[in-house]
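> okay, structure incoming, though there's no sequence with it:
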């Protein structure tokens, strides 16, 4: 049938069985009591059916099974039926990209009984294995048309042999009829048009069973009609139909307490969205997700004003602040407000322990608060850290104009420090201003040990803790390293959270 107009669909990663489920595989589910006999027919009742057909049909695809039976098998092995979009996407994907070919094997027209088992209308013939026959003989052994009929990923029998159920609902159940679901792939009795990757068929969920419940009753999940509820070990799958306990229909998920809900509906009490459409216990996240610092489960990153600490947890940046108390000091140079040697009195404030990193700045850039015209990237200049990737995300943000630093500070709700605040904080021990020559004391700097800088005496630079002759940082341009945080009130004083160092080559 196909859709008259194609729309774009974005899918998350998934896995699909390489071959259709065989009769032998399905028999194991039946023997375990998980695939109910009410949902399929056997060779004993219909010669065209493969279940119970012994060795002769063991390697043939399972057929004569309704939607409920196909669903039961998937649930028994810990999976689910694919959506029609997933089925089509997988059928022409090569592992790197979606090829969007006409058929699973490519754009070439099918060759009857060579690439697939289907009814060839022009010759009015069917397939018995690889041989054309006038009489319909049913299914072929799984994989007999490989590799000619395989998809680029090696998926077998995606075209022909038997239609394959999907979880895609075509027509919802009504008072006097069951639901209808989309099937894909074509079959031994279907024409070649159904072999197309985008083609669809529609079957009743009670296919083979002809279940038609009275207006005031519904299918209890096992094929029996009931006026209320579901059969034992079944429950409402979200759309009003009964499904095996622990599972939900496509478009619905468990609320954490066993009830199927639609996307956007709240999770059960003491549960919350854990990522990936799952409800998990409060305070936890689903596998592959973590708390972003404000209780939201995300696959990567932290919320604004949060960053990863040494325990790989998202921590509020205020925990990384150093509080500088109120006090006075004698300034060592002329500023716009004070003369060298003048006493300066400052209110209490705080500064971050570290410069703003590339990773932190990237969050501001990602939301458009830090404009690209105010900073350079690695693509502009080899010595710039932004967009350099790898461990460089933990290096300080450089190649940044004063406007760019100001934008970051404003985005975070703070400001840049004054010159006086910077100098006061640089040599304060938390109790008093020490007025030392360097931030670490009066001792002369040790090259590549106490700081990264150009050593004039040896004409060397630093690469980590190693002195090198070749420059590892661009010194011909002014580099600005902002420090950042969020304003807050602590002990009655405002946190003044930002400062910027200027390095001139």
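Ah, there it is. No experiment lies behind these values; they were computed from the predicted model shown.
> now do the contacts for the most far-flung residue of the chain relative to its centre.
What lies farthest from the middle of the chain is residue 341; by CA atoms, centre = their mean that is 58.5 Å. Residues in contact with residue 341 (CB atoms under 8 Å, 6 or more residues apart in numbering) are 330, 331. C-betas here are computed from N, CA, C, even on glycine.
> how near is it to residue 295?
Distance, residue 341 to residue 295, using CB to CB, to the nearest Å: 52 Å.
> quick one on the thing from earlier: where's the residue farthest from the centre of the chain relative to residue 329, distance?
11 Å.
> what mean pLDDT does stretch 103-121 have?
Average pLDDT, stretch 103-121: 95.
> mind checking the end-to-end distance for it?
Start-to-end span of stretch 103-121 (CA to CA, to the nearest Å) is 18 Å.
> show me what counts as buried in it.
For stretch 103-121, burial by neighbour count (16 or more other CB atoms under 10 Å) applies to 103, 104, 105, 110, 112, 113, 115, 116, 117, 118, 119, 120.
> with stretch 51-61 instead?
Neighbour counts over stretch 51-61 (16+ other CB under 10 Å) mark 51, 52, 53, 57, 59, 60, 61 as buried.
> and the third one, what is it in contact with?
Think residue 53. Residues near residue 53 by CB under 8 Å, 6+ apart: 23, 42, 43, 60.
> got the phi and psi for it?
phi -90, psi 10 (degrees, to the nearest 10).
> what do you get for the first one?
The phi and psi torsions at residue 51 (degrees, to the nearest 10) take the values phi -60, psi 130.
> could you pull out the helices for the stretch 401-505 of the chain?
Taking DSSP state H, counting those that start in this stretch as the test, the helices found in the stretch 401-505 of the chain are 402-411, 419-426.
> tell me the most buried of those?
Of the helices of the stretch 401-505 of the chain, the one with the most neighbours on average (mean count of other CB atoms under 10 Å) is helix 402-411, at a mean of 20.
> lowest-confidence helix or strand of this protein?
None of the helices or strands of the chain scores lower by mean pLDDT, DSSP states H and E than strand 489-490, at a mean of 24.
> mind giving me the domain split of this protein?
1-212, 218-291, 321-503 (automatic domain parsing).
> quick one: distance of the one helix or strand residue 235 maps to to the chain centre.
Here residue 235 sits within strand 234-236, counting by DSSP states H and E. For strand 234-236, the gap between its own C-alpha mean and the chain's C-alpha mean amounts to 29 Å (CA atoms, centre = their mean, to the nearest Å).
> partners of it in the sheet?
The strands beside strand 234-236 in its sheet (DSSP bridges) come out as strand 242-244 (antiparallel).
> and the average pLDDT for the partner strand is what?
When pLDDT is averaged along strand 242-244, the result is 73.
> likewise stretch 76-96?
91.
> what does that stretch rub up against?
With CB under 8 Å, 6+ apart, stretch 76-96 has contacts from 9, 11, 14, 16, 29, 32, 34-35, 70-71, 74, 98-101, 103-104, 151-153, 155, 158, 164-168, 182, 184-185, 197-198, 200, 247, 250.
> pull out the buried residues from that stretch.
When neighbours are counted by 16+ other CB under 10 Å, the buried residues of stretch 76-96 are found to be 76, 80-84, 86-93.
> next: stretch 311-327.
Neighbour counts using 16+ other CB under 10 Å place 314, 316, 317, 318, 321, 324, 325 of stretch 311-327 among the buried residues.
> same list (those) but as CSV, adding pLDDT and secondary structure.
Formatted as CSV, the buried residues of stretch 311-327 follow (pLDDT from 0 to 100; DSSP: H, G, I helix; E, B strand; the rest coil):
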residue, pLDDT, secondary structure
314, 87, strand
316, 78, strand
317, 71, helix
318, 70, helix
321, 75, strand
324, 87, strand
325, 90, coil
